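Engineer: Generate a structure from the sequence data that follows.
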Amino acid sequence: MRLTDDQLRRLDEDGFLVLPGVFTPQEVKLLRAEVPAMLLEQRPENPREASGRAVRNILSLHRRNELYRRLVRHPRMLQAAWQLLGPQVYAQQVKINLKTGFDGGGFEWHTDFATHHHRDGVPEPLALNFHIHLDEVSEFNGPLMFVPGSHKREVPLQRSVDGQKWELWTVPHDAVTELVNELGMASAKGPPGTLLIFGDKLLHVSAANVSPWSRWIFSVIYNPCSNPATREVPEMAHERDRRPLQALSDDCLLQPLSAATA
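Structural biologist: Residues are numbered from 1 along each chain as shown. Okay, the predicted model is just below:
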């Protein structure tokens, strides 16, 4: 899938792009069906919410599950990533953020590059986040919210630690207030199968899921192979396999899991 000139312009101006209907209901159903078994695994790649009840993220799932290994190499995402970043990219981080109904916690105001640079040692803010909605994402279950155009501004940072004791660099609220008053806010809502693309320097946040409905979102961060991490962090935070990804066929998610996909 190649982005149109209008989509490229919107991504450049706003810092994010919401594309409904990129993945079909059948594909989303297959992807969702793989999640319950991974949720039962007791491993560090399944960190829990601060309450300890619900799993917060399923990390490195492309190394744990064949269907998600294929998804990371899906041409509907990879071709767009190549168009934006060049022909050699690797999967920097792969996860599902679950946001279980009533128990899914939010995320503070931040830019991804602050953490990728200070924690992982990534030199330049080139990486792109590709999200797929595996649920309906509405105003009620904790959508991502952005400050359009904030990726073109320099924002102050403060070091913090999240509930899993990972270092994060968040943005002070007075700086957020100034940017929001000038640039406004937008939320990334949409039905299952929606593709969301946003850049490494875009200021964003998400609230807790106060609804009874889950909000599963798949995320892969593509980064140019020429812009890798220079520090060793846990692999679930930044993957160590930095070989260029090769695209599979467009119907790779629909092929039997025993079939060859290369």
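
Engineer: wait, W216 sits on E136?
Structural biologist: No. In this structure, W216 is not within contact of E136 by C-beta atoms under 8 Å, at 10.1 Å. Heads up, the C-betas are built off the backbone N, CA and C, glycines and all.

Engineer: Just want to know which of the two has more residues nearby.
Structural biologist: For W216 versus E136, neighbours defined as other C-beta atoms under 10 Å are more numerous around W216 (22 against 15).

Engineer: ok, that one - contacts?
Structural biologist: Each residue near W216 by C-beta atoms under 8 Å, 6 or more residues apart in numbering is listed here: R32, V35, I96, N97, L98, K99, H133, L134, D135.

Engineer: for the residues you listed, which one is nearest E124?
Structural biologist: N97 (24.8 Å; C-beta to C-beta).

Engineer: beta partners for that closest one?
Structural biologist: N57, I217 (DSSP bridges).

Engineer: Can you verify my assumption that it contacts A54?
Structural biologist: No. Applying C-beta under 8 Å as the test, N97 and A54 come out as separate, 11.6 Å apart.

Engineer: where does the stretch 51-200 of the chain have low pLDDT?
Structural biologist: 161-167 (pLDDT under 70).

Engineer: And the strands in it, which stretches?
Structural biologist: Counting by DSSP state E, counting those that start in this stretch, the stretch 51-200 of the chain has strands at residues 57-59, 89-97, 107-110, 128-133, 144-146, 158-161, 167-170, 186-188, 195-199.

Engineer: which helices and strands does the fourth one pack with?
Structural biologist: Packed against strand 128-133 by the contact rule (3 or more C-beta pairs under 8 Å, 6 or more residues apart in numbering; DSSP states H and E) you find helix 75-85, strand 195-199, strand 217-224.

Engineer: Could you dump these into a markdown table and include mean neighbour count and distance to E235?
Structural biologist: Shown next, in a markdown table, are the helices and strands packed on strand 128-133 (neighbours: other C-beta atoms under 10 Å; distance: least, C-beta to C-beta, whole Å):
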| stretch | mean neighbour count | distance to E235 |
| --- | --- | --- |
| helix 75-85 | 19 | 21 |
| strand 195-199 | 23 | 23 |
| strand 217-224 | 23 | 14 |
